[in-house]
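> what's the 3D shape of this:
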Amino acid sequence: MEGPELFAIVNEFLAVLDPALRQDAYNRAYRAIWEEHYYWSPIYVNLPWAVSERIATWEPWPLGPYASALWTVTLK
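Residues are numbered from 1 along each chain as shown. Okay, here's the model as predicted:
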């Protein structure tokens, strides 16, 4: 993917203001950036979190860059 194409995808994401549509736009942009991460890295995310087999359900916020909505965790 060339730079202008990648920037067009990111600009499309930034133009989406409707929260209902923002997650899909974010996922598309993030996937495009991830595929190019060997060439260009816009961010560094250090997220050392995991889910064990003891967790039955968890509903984190879709666009949170950190472990969120911890009150939704239910154990088996």
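> any low-confidence regions in this protein?
Under the criterion of pLDDT under 70, the regions of the chain flagged as low confidence span 1-2, 37-51, 65.
> can you pull the domain assignment for it?
Under the assignment named as automatic domain parsing, the residue ranges that make up the domains of the chain are 3-35, 47-76.
> report the contact partners of A29.
9-10, 12-13 (C-beta atoms under 8 Å, 6 or more residues apart in numbering). The way it works is simple: take the backbone N, C-alpha and C, and place the C-beta from them, glycine included.
> of those, just the buried ones, ChimeraX syntax please.
One line in ChimeraX is enough to select the buried ones among those; burial here means 16 or more other C-beta atoms under 10 Å:
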select :9,10,13
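> tell me how far W61 lies from T72.
For W61, the distance to T72 equals 10 Å [C-beta to C-beta, to the nearest Å].
> for this structure, what's the longest helix?
In the chain, ranked by residue count with DSSP state H as the criterion, the top helix is helix 19-35.
> which positions in it come out as buried?
Residues of helix 19-35 classed as buried under the neighbour-count rule (16+ other C-beta under 10 Å) are 25, 29-30, 32-33.
> let's have the residues you listed in CSV, adding distance to A56.
Formatted as CSV, the entries for the buried residues of helix 19-35 read as follows, by distance: C-beta to C-beta, whole Å:
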residue, distance to A56
A25, 31
A29, 32
Y30, 27
A32, 34
I33, 32
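> between those residues, which sits nearest E5?
The nearest member of the buried residues of helix 19-35 to E5, counting by C-beta to C-beta, is A32 at 8.3 Å.
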